[in-house]
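1. Quick one: sequence plus predicted model below, questions after.
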Number of protein chains: 2
Amino acid sequence: MKIAVVAPSCSLKREAAEQVAALADARGDCELAIHPQCFLSDGHFAGSDAERLAALREVMADPTVAAVWFARGGYGSNRIAEAALRDLPDAARAKTHMGYSDSGFLLAGLHKAGLQAAWGPMPQDVLRDGGEAAVTRALDWLVRRDPAAIEADISAPAFAFNLTVLVSLLGTDLEPDLTGADLLIEEVSEHHYGIDRLLFRLTASANVRSVARIRLGRVSDIPANDPEFGKDEVAIFEDWCGRAGIPFGGRADIGHDAGNRVVPFGGSRL
Amino acid sequence: MKIAVVAPSCSLKREAAEQVAALADARGDCELAIHPQCFLSDGHFAGSDAERLAALREVMADPTVAAVWFARGGYGSNRIAEAALRDLPDAARAKTHMGYSDSGFLLAGLHKAGLQAAWGPMPQDVLRDGGEAAVTRALDWLVRRDPAAIEADISAPAFAFNLTVLVSLLGTDLEPDLTGADLLIEEVSEHHYGIDRLLFRLTASANVRSVARIRLGRVSDIPANDPEFGKDEVAIFEDWCGRAGIPFGGRADIGHDAGNRVVPFGGSRL
């Protein structure tokens, strides 16, 4: 099967592309089509909004492409998400779209538009310690829907998001219906007080209050707080879930690391 | 007149309290009542939620207090804002409430509840370079409504917010009606990409799209981005205001600095 790689946020590193292409070649069950847009650079982004949008729309419209795999996160997919979802080509409906972190803006909008979206490792992850396992896990799910790639305890309908990304898309046209959801949330590089503030906003949402449960993925690279915040991330989630009457379901096996698992969005494709 | 100082977010430094008290004494036109809660410490906060809430409600209910002045920002007023606004005492309606930064959660809710709220310098600002002028400006407005303390170009109804705080309160019970507003926004310690992401969320709001104009205060302590983001904060605001059809009104004289001016919320008390 043919898997197209595009970069709606930041540029893919050449060495990551080479390593992932070699992994895919060695498997023999898939062909990676790494779009040249992945290596463009325009300030923070992998090319201008127009260039990133054009590459994404091109692969979504290509009937020979079975899956669209987002190259990496960073920041920027929100700048083109609404335009990417306009006048969707029929060919987009037959394919899976996968990524995580900043890609959550697109995953949310794609799911809302009725397309297949899944949280999961991305090509740039191959550069992490143990990253080969992460990329293999992603390909195992994209190519043959290997159930071992999926987060072990999820219940349909499931969603997974980076906390900052989810809070940033609440109230925008990208916000999906979370009713009854198993909502998995992870975070990276955010102070404890910032996590607390994000949860204030998150748990004020009527949509978020309609979920079946919130579960907490890994929270990594938390900057030091002076003084100590006074609560860790689990206590912060328990506090705000308790205030809002949302069941807190404990930990989840997702995060900005090589252990990050696949979470197919919604309920019909688990 | 009696001005009560409480700390709904983080602790006030003793040396700031002493310097501001001396300034007020020397003026002879006001009496500062610095609540002992300002010096409590509970992890990140100036005391527990219960302690901060109790002090705030105590001074709001005190008929001898003419103004409530928030000691400093940081983080945490959102944790007690909704509870502070329940069953409001009549005495709260006769007084002004002033602060900025994290205090914006309270200012928004107080204004929405029909009370007097104003953005302006806080006691802890006395420790900044030139901070004595900032505190004097705040007192000039609190005590005698000195028009020279007010941001020069504001049009009623006016609001001023820290960008992160404003985005954090959109969609919560604290969100005020911004129809027709002169909306002044400043930010501190946020990457350019983070500012861009916050503006995506801000300008998606129908309430924000109903303002007369957005103006940009100072954006200070922007962490370095690698690579360079590609646009400065003015270009970012112009971009998102343009996308959303919101008039961008240029710069405003507010910020996390000693030059920060007073912005009385709403229209009737300018």
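-> On my side now, so go ahead. Numbering: from 1, shown residues only, chains lettered A, B, ... in the order given.

2. Close to chain B: what parts of the stretch 101-250 of chain A are there?
-> A:164, A:167-173, A:192-194, A:196-198, A:200-201, A:204-205, A:225, A:227-231 (CB under 8 Å from any CB of the partner chain). (Each C-beta comes from the backbone N, C-alpha and C, glycine too.)

3. Just the buried ones among those, please.
-> A:164, A:167-172, A:192-194, A:196-198, A:200-201, A:204-205, A:229-231 (16 or more other CB atoms under 10 Å in any protein chain shown).

4. Against residue A:117, how distant is the residue in the stretch 151-270 of chain A positioned nearest to chain B?
-> Residue nearest to chain B within the stretch 151-270 of chain A (CB to the nearest CB): residue A:230, separated by 2.0 Å. The gap separating residue A:230 from residue A:117 is 37 Å, by CB to CB, to the nearest Å.

5. One more: residue A:21?
-> Noted for residue A:21: a distance of 24 Å to residue A:117, by CB to CB.

6. okay, those two: which has more neighbours?
-> residue A:117 (27 against 17; other CB atoms under 10 Å in any protein chain shown).

7. State whether the more buried one is indeed within a helix.
-> No. Counting by DSSP: H, G, I helix; E, B strand; the rest coil, residue A:117 falls outside a helix, being strand.

8. can I assume it is in contact with residue A:105?
-> No. Applying CB atoms under 8 Å, one finds residue A:117 not in contact with residue A:105, separated by 11.0 Å.

9. quick one, what contacts residue A:79?
-> A:45, A:49, A:52, B:196, B:200 (CB atoms under 8 Å, 6 or more residues apart in numbering or on different chains).

10. actually residue A:92, not the one I typed
-> Applying CB under 8 Å, 6+ apart, the residues near residue A:92 are A:60, A:61, A:115.

11. can you tell me the helix or strand for the first one?
-> Secondary structure here is read from DSSP states H and E; on that basis residue A:60 sits in helix A:49-61.

12. can you tell if that helix touches chain B?
-> No. Using CB under 8 Å from any CB, helix A:49-61 stays clear of chain B, with a minimum separation of 9.7 Å.

13. List the buried residues in that helix.
-> In helix A:49-61, counting by 16+ other CB under 10 Å, buried: A:51, A:52, A:53, A:54, A:55, A:56, A:57, A:59, A:60.

14. do stretch A:37-45 as well
-> A:37, A:38, A:39, A:40, A:42, A:44, A:45.

15. next one: stretch A:2-13
-> Buried-residue list, stretch A:2-13, by 16+ other CB under 10 Å: A:3, A:4, A:5, A:6, A:7, A:8, A:9, A:10, A:11, A:12, A:13.

16. Read off the pLDDT value for the third one.
-> The per-residue pLDDT reported for residue A:5 equals 98.

17. Please name the nearest non-neighbouring residue to it.
-> Spatial nearest neighbour of residue A:5, excluding adjacent residues (CB to CB, 6 or more residues apart in numbering or on different chains): residue A:34 at 4.5 Å.

18. how much space between that neighbour and residue A:20?
-> 8 Å.

19. So between those two, which is more surrounded?
-> Shown here are residue A:34 and residue A:20; by other CB under 10 Å, residue A:20 has more neighbours (29 against 22).

20. any idea how far the most far-flung residue of chain A relative to its centre lies from residue B:45?
-> Using CA atoms, centre = their mean, the residue of chain A lying farthest from its centre is residue A:227. It sits 32.4 Å away. Distance of residue A:227 to residue B:45, given as CB to CB: 9 Å.

21. Need the contact partners of the one helix or strand residue A:240 maps to.
-> Residue A:240 is part of helix A:233-244 when elements are defined by DSSP H and E. Helix A:233-244 is contacted from outside by A:185, A:187, A:192, A:195-196, A:199-200, A:202-204, A:208-209, A:214, A:216, A:219, A:222, A:231, A:246-248, A:251, using CB under 8 Å, 6+ apart.

22. redo that, cut-off 6 Å
-> For helix A:233-244, the surrounding residues in contact (CB atoms under 6 Å, 6 or more residues apart in numbering or on different chains) are A:195, A:196, A:199, A:203, A:209, A:214, A:216, A:219, A:248.

23. Show me how far it is from its chain's centre.
-> 23 Å (CA atoms, centre = their mean, to the nearest Å).

24. what mean pLDDT would you report for it?
-> 98.

25. following it, which helix or strand shows up next?
-> Trace forward from helix A:233-244 with DSSP H and E and the next one is strand A:248-251.

26. quick one: the helix holding residue A:240 to helix B:49-61, angle?
-> Counting by axes from the mean of the first three to the mean of the last three CA atoms, to 10 degrees, helix A:233-244 points 50 degrees away from the direction of helix B:49-61.

27. In helix A:233-244, which residues are buried?
-> In helix A:233-244, counting by 16+ other CB under 10 Å, buried: A:233, A:236, A:237, A:238, A:239, A:240, A:241, A:244.

28. Let me know the distance separating the third one from residue A:161.
-> When you say that, I think you mean residue A:237. 14 Å.

29. Report pLDDT for the residue nearest to residue A:113 when sequence neighbours are not counted.
-> Once flanking residues are discounted, residue A:113 sits nearest to residue A:85: 5.1 Å by CB to CB, 6+ apart. For residue A:85, the pLDDT comes out at 96.

30. what's around residue A:85, how many residues?
-> 19.

31. And the one 5 residues further on, by the same measure?
-> Residue A:90 sits with 8 neighbouring residues when counted by other CB under 10 Å.

32. and what of residue A:177?
-> Neighbours of residue A:177 (other CB under 10 Å): 13.

33. ok, it to residue B:206 distance?
-> Counting by CB to CB - residue A:177 and residue B:206 are separated by 19 Å.
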